[in-house]
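S.K.: Compute the structure for the input listed below.
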Amino acid sequence: MVGLGVRLNEVASLRRVDPKGEPDLIAAAKICELAGADQITVSLGDARGPLADHDVRLLGEVLRGGLGIEMPPTDDAMAVVGCLPCRSVCLVPEDPGHTTSGGGLDVVKHQTRLSDVADGLRELGVKVCLLVDAVPAQVDAAVAVQADRVRLNTRPYAMADEREVGAEIEAFVTAAARALREGLVFDAAGGLTARNLAPVAAIPGLNMVHVGHGLVARALFVGLEAAVGELLDALTTHAA
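M.R.: You can find the predicted model right below:
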């Protein structure tokens, strides 16, 4: 069964505009977990926005399935993550002022720096994931960094028009096959919703999909529990 990770920084963004601190980020995380989400993820560093360190600590304490953290490979983010409860970190590009990353890391170009960061995370007992575009050369570089897994960027697929969708899925399948051949676990993330999840969910070997903005946007209309349920139904129906 393909797992579901949900990213909740957008909930914290909504909380920022309310003087009473609503909606409650911790309650939102528990609703998603109880609805069947396998992992709750939040972002540190440049993509953090209104998220506070105490939010992350409390999430680490209350979640059954553990907390996933996204962060850029910066010294500041490394200093923070060393004090927080997490089992896995996904390294993502620096993206000042934004809540999501548009593309993957250029591991080929920054392999030395990323190797150093990955080594530091492993010393903390943290598993290392890299967000990369669905390009075989980037997957090969992730292997050289000794990542535990890769998170393949599906945003180009999600943003493609009808004429481009087939080529984007083919590129993803090729990169996924390379990851599996090299012994890497692979996830998918970027622009995914219950409506466009089917072709990605059907790719053999997929470990987990991660949904953030698409989940919170849908929850505005149907609620968090139902929004998580729709994603799980799509995974159950279409997973390979």
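S.K.: low-confidence ranges in the chain?
M.R.: 45-50, 95-101 (pLDDT under 70).
S.K.: where exactly do the helices run in it?
M.R.: Shown for the chain, the helices assigned by DSSP state H span residues 9-16, 25-34, 53-62, 75-81, 111-123, 136-144, 155-159, 162-181, 198-201, 213-222, 224-238.
S.K.: I'd like to know which of those is closest to Ser43.
M.R.: Within the helices of the chain, the stretch nearest Ser43 is helix 9-16; the backing value is 5.1 Å (C-beta to C-beta). From N, CA and C alone the C-beta is placed, and that goes for glycine too.
S.K.: Just the CA coordinates for that closest one, please, in PDB.
M.R.: Only the C-alpha atoms of helix 9-16 are listed here, as PDB (Å, rounded to 0.1, in the frame of the first residue of the first chain):
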ATOM      1  CA  ASN A   9       2.500  24.600   7.000                       C
ATOM      2  CA  GLU A  10      -0.500  26.100   5.300                       C
ATOM      3  CA  VAL A  11      -2.600  25.500   8.400                       C
ATOM      4  CA  ALA A  12       0.000  27.500  10.400                       C
ATOM      5  CA  SER A  13      -0.300  30.300   7.700                       C
ATOM      6  CA  LEU A  14      -4.000  30.500   8.400                       C
ATOM      7  CA  ARG A  15      -3.400  30.700  12.100                       C
ATOM      8  CA  ARG A  16      -1.100  33.600  11.700                       C
END
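S.K.: now for it, which elements pack on it?
M.R.: Packing contacts for helix 9-16, counted by 3 or more C-beta pairs under 8 Å, 6 or more residues apart in numbering; DSSP states H and E, involve helix 25-34, strand 39-43, helix 213-222.
S.K.: again, 7 Å this time
M.R.: Judged by 3 or more C-beta pairs under 7 Å, 6 or more residues apart in numbering; DSSP states H and E, helix 9-16 is in contact with helix 25-34, helix 213-222.
S.K.: Next, the buried residues of it.
M.R.: Across helix 9-16, burial judged by 16 or more other C-beta atoms under 10 Å covers 9-12, 15.
S.K.: List just the one of the helices of the chain that sits closest to Leu44.
M.R.: Among the helices of the chain, helix 75-81 sits nearest to Leu44 (C-beta to C-beta), with 5.2 Å.
S.K.: check contacts around Ala141.
M.R.: Ala141 is in contact with 107-108, 111, counting by C-beta atoms under 7 Å, 6 or more residues apart in numbering.
S.K.: and if we set it to 10 Å?
M.R.: 105-111, 114-115, 130, 132, 135, 147, 150 (C-beta atoms under 10 Å, 6 or more residues apart in numbering).
S.K.: Grab the nearest non-local neighbour of Leu84.
M.R.: Val56 (5.1 Å; C-beta to C-beta, 6 or more residues apart in numbering).
S.K.: ok, that neighbour - contacts?
M.R.: 25, 42-44, 48, 67, 69, 80-81, 83-86.
S.K.: Please pick the buried ones from those residues.
M.R.: 25, 42-44, 48, 67, 69, 80-81, 84, 86.
S.K.: how about those residues, which pair is most distant?
M.R.: Largest pairwise distance in these, by C-beta to C-beta, is 18.3 Å, between Leu25 and Val81.
S.K.: Please list the residues outside stretch 198-207 that contact it.
M.R.: Here stretch 198-207 has contacts from 2-3, 5, 38, 149-152, 154, 157-158, 165-166, 168-169, 172-173, 175-177, 179-180, 184-190, 192, 209, 231, 234-240, using C-beta under 10 Å, 6+ apart.
S.K.: on that earlier part again, let me have the buried ones among the contacts of Val56 in JSON lines, extended by distance to Phe221.
M.R.: Listed next are the buried ones among the contacts of Val56 as JSON lines, based on distance: C-beta to C-beta, whole Å:
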{"residue": "Leu25", "distance to Phe221": "20"}
{"residue": "Val42", "distance to Phe221": "23"}
{"residue": "Ser43", "distance to Phe221": "24"}
{"residue": "Leu44", "distance to Phe221": "29"}
{"residue": "Arg48", "distance to Phe221": "27"}
{"residue": "Leu67", "distance to Phe221": "27"}
{"residue": "Ile69", "distance to Phe221": "28"}
{"residue": "Val80", "distance to Phe221": "34"}
{"residue": "Val81", "distance to Phe221": "34"}
{"residue": "Leu84", "distance to Phe221": "33"}
{"residue": "Cys86", "distance to Phe221": "31"}
